[in-house]
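Enquirer: Sequence and computational prediction follow.
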Amino acid sequence: MDMKRKYFAILFGQILILVCSCSSLESKKETRESENRILQQKDGTVSLILDKADFYNDVVNPSNNTADWNVVITKPGHYKVWLSSATKDTSDLNYSNSVRISLLDNQLLTKPSCDKIVQNSSEVNYPYFRADSYMGSVYISEPGEYNVQLTSEKVIAKSAEAQNTSLEDTKLMSVILTPGMR
């Protein structure tokens with residue numbers, strides 16, 4: 001009888017340790033996910049900075065390089081989607097392929113051009129200028145958490161960018177969603 005109690009105590013202890021460790025892992029996962037969420041600003045703007053994205057780099061075909069963000073939208077509606085780049089040449093952004101931005105069922109596929117030059121931007125240093133490219137618009141019907149995915153050869157993780165010693169003419173910086181007028 002004494003042996004059964006010891007066996008039961010050991011088994012109960014192992015189960016308790018397993019349950020506690022699983023809840024701890026789940027808690028850490030939730031903390032990581034909440035840290036990676038991008039929150040909408042009070043004015044309705046959403047800024048998706050490339051450095052804060054999760055990356056997938058395709059060594060064979062860099063045009064499939066992907067950046068992902070989890071975005072919390074609190075104000076549903078129409079949004080204009082802009083791609084922000086740092087460039088030395090304001091007449092040609094030198095994207096070899098079209099850029100794809102996916103949000104919900106929307107896929108915006110456009111070759112970026114200099115639609116708007118932002119002068120004296122604090123986000124870039126000389127010899128670069130900030131160039132914003134209009135990618136299209138999306139409609140978000142209700143508040144919630146959404147995944148935004150950007151696919152382009154210009155998606156380069158900061159660690160990989162540091163290894164590249166040559167200065168590129170154009171660097172992708174961010175995706176910006178601005179609320180549209182109704």
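Expert: Done, it's in.
Enquirer: ok, which stretches of the chain are helices?
Expert: Assigned by DSSP state H, the helices in the chain fall at 2-35, 158-163.
Enquirer: residues contacting the closest residue to Y134 other than its chain neighbours?
Expert: In space, not counting the residues next to it along the chain, Y134 is nearest to D115; the distance is 4.6 Å by Cβ to Cβ, 6 or more residues apart in numbering. Every C-beta, even on glycine, is put in place using the N, C-alpha and C of the backbone. Residues near D115 by Cβ atoms under 8 Å, 6 or more residues apart in numbering: 82, 131-134.
Enquirer: Same check on V175?
Expert: Applying Cβ under 8 Å, 6+ apart to V175 gives the contacts 48, 69, 81-84, 101, 135, 148, 150.
Enquirer: let's see it at 7 Å
Expert: 48, 81, 83, 101, 148, 150 (Cβ atoms under 7 Å, 6 or more residues apart in numbering).
Enquirer: what number of residues lie near the residue nearest to the last one when sequence neighbours are not counted?
Expert: Pointing back at L150 there. Spatially, and ignoring its direct neighbours in sequence, L150 is nearest to A67 (4.6 Å; Cβ to Cβ, 6+ apart). Using other Cβ atoms under 10 Å, the number of residues around A67 comes to 27.
Enquirer: For the contacts of V175, give me CSV that also has distance to Y95, pLDDT and neighbour count.
Expert: Formatted as CSV, the contacts of V175 follow (distance: Cβ to Cβ, whole Å; pLDDT from 0 to 100; neighbours: other Cβ atoms under 10 Å):
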residue, distance to Y95, pLDDT, neighbour count
L48, 18, 97, 23
V81, 16, 97, 23
L83, 9, 97, 27
I101, 13, 97, 24
V148, 19, 97, 21
L150, 12, 97, 25
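Enquirer: Quick check: the two most widely separated of these?
Expert: The span of the contacts of V175, defined through Cβ to Cβ, is set by L83 and V148 at 11.8 Å.
Enquirer: how far away is Y146 from D58?
Expert: Plainly put, Y146 is 24 Å away from D58 if you go by Cβ to Cβ, to the nearest Å.
Enquirer: for W82, same thing?
Expert: 25 Å.
Enquirer: Between these two, tell me which one has more neighbours.
Expert: Regarding W82 and D58, a neighbour count based on other Cβ under 10 Å identifies W82 as having more, with 20 against 13.
Enquirer: That one reaches G136, doesn't it?
Expert: No: counting by Cβ atoms under 7 Å, W82 does not reach G136; the two are 9.7 Å apart.
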